[in-house]
Structure formats: structure tokens, C-alpha cells
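Engineer: Coordinates only, no sequence provided:
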């Protein structure tokens, strides 16, 4: 599941994952992401950091309590070291920069690796 307040980012990420036959759902903010995740039980959650209503760190903290085994990868423009440190303490496995020219490729590669590592057999980035 992609959790990002920018429709163009959701679409770009969705296109990359769907090109590899992954099922992809999305939410427009952290609160919506937490609510949807409880219903759809995604195999992976990709939150942004800065979003209205609830930011990605707060959403990650809630999601880790509700779904401790679901991996999270943050895809954000704020990939500073301090953000990565906070993200890891919130239960996020990695932070990928949106501004990196290879950011989408890195995001997909990390997502695949995380799902393999966690033993999630289904290819679902719901």
C-alpha cells in the first residue's frame, strides 16, 4: 500500500509495482493509511514522511503496533540522516529518497528484498 498525499507520486509508484504484476492500493494520508491497512492487510506499506492529517512516522508507529510483521519502507523527499534514524525507531526498514534519479528502482528492489526476507510469498504491495 502506498501512503502519499501527492497523486502523481502514488501513480508513479503504482505503475512501477503494477508493471511487475503486484497488486497496489493507496491512501492519501497517514490516518487513511492506518484505517485501510487494518481492512486490507497489506504485505508491504510505503509511507511518505510529510502528509496532512497524520505524517508517515506517526502512521508507522501505529501500524507497527497493529501489524508488527508488515514491513514498511519510507519514500520521501526528506531522506536526511536524522529522518532515517527516526524512521528506523518507528519500525521503518529503510528510507528511499524521491529526489534520487534511481529512487523508484531502489524502492522496488528494497520492497522485493523485504518481502523475500520476511517470507511473504505473495507479491502484494497493497
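Structural biologist: Sure, I can see it. Computed from a predicted structure; not experimentally measured.
Engineer: Tell me where the model's unsure across the protein.
Structural biologist: Segments of the chain classed as low confidence (criterion: pLDDT under 70) are 118-126.
Engineer: again, 80 this time
Structural biologist: Across the chain, residues meeting the criterion (pLDDT under 80) sit at 78-80, 117-126.
Engineer: any idea which residue sits dead centre in it?
Structural biologist: By Cα atoms, centre = their mean, the chain has its centre lying nearest to residue 46, at 0.6 Å.
Engineer: List the strands paired with the strand or helix carrying that residue, with their directions.
Structural biologist: When elements are defined using DSSP states H and E, residue 46 is found to belong to strand 46-47. Neighbouring strands of strand 46-47 in its sheet, by DSSP bridges, are strand 2-3 (parallel).
Engineer: Tell me which stretches of the chain form strands.
Structural biologist: For the chain, the strands identified by DSSP state E occupy 2-3, 26-27, 46-47, 73-76, 94-97, in order along the chain.
Engineer: want to try CSV for these, with distance to residue 66 as columns?
Structural biologist: C-beta here means a position set from N, CA and C on the backbone, and glycine is covered the same way. Putting those into CSV (distance: least, Cβ to Cβ, whole Å) gives the following:
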stretch, distance to residue 66
strand 2-3, 14
strand 26-27, 14
strand 46-47, 14
strand 73-76, 17
strand 94-97, 20
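Engineer: Report all helices and strands that the lengthiest helix in the chain contacts.
Structural biologist: Using DSSP state H to define each element, the chain has its longest helix at helix 103-117. In this structure, helix 103-117 makes packing contacts with helix 7-18, strand 73-76, strand 94-97, judged by 3 or more Cβ pairs under 8 Å, 6 or more residues apart in numbering; DSSP states H and E.
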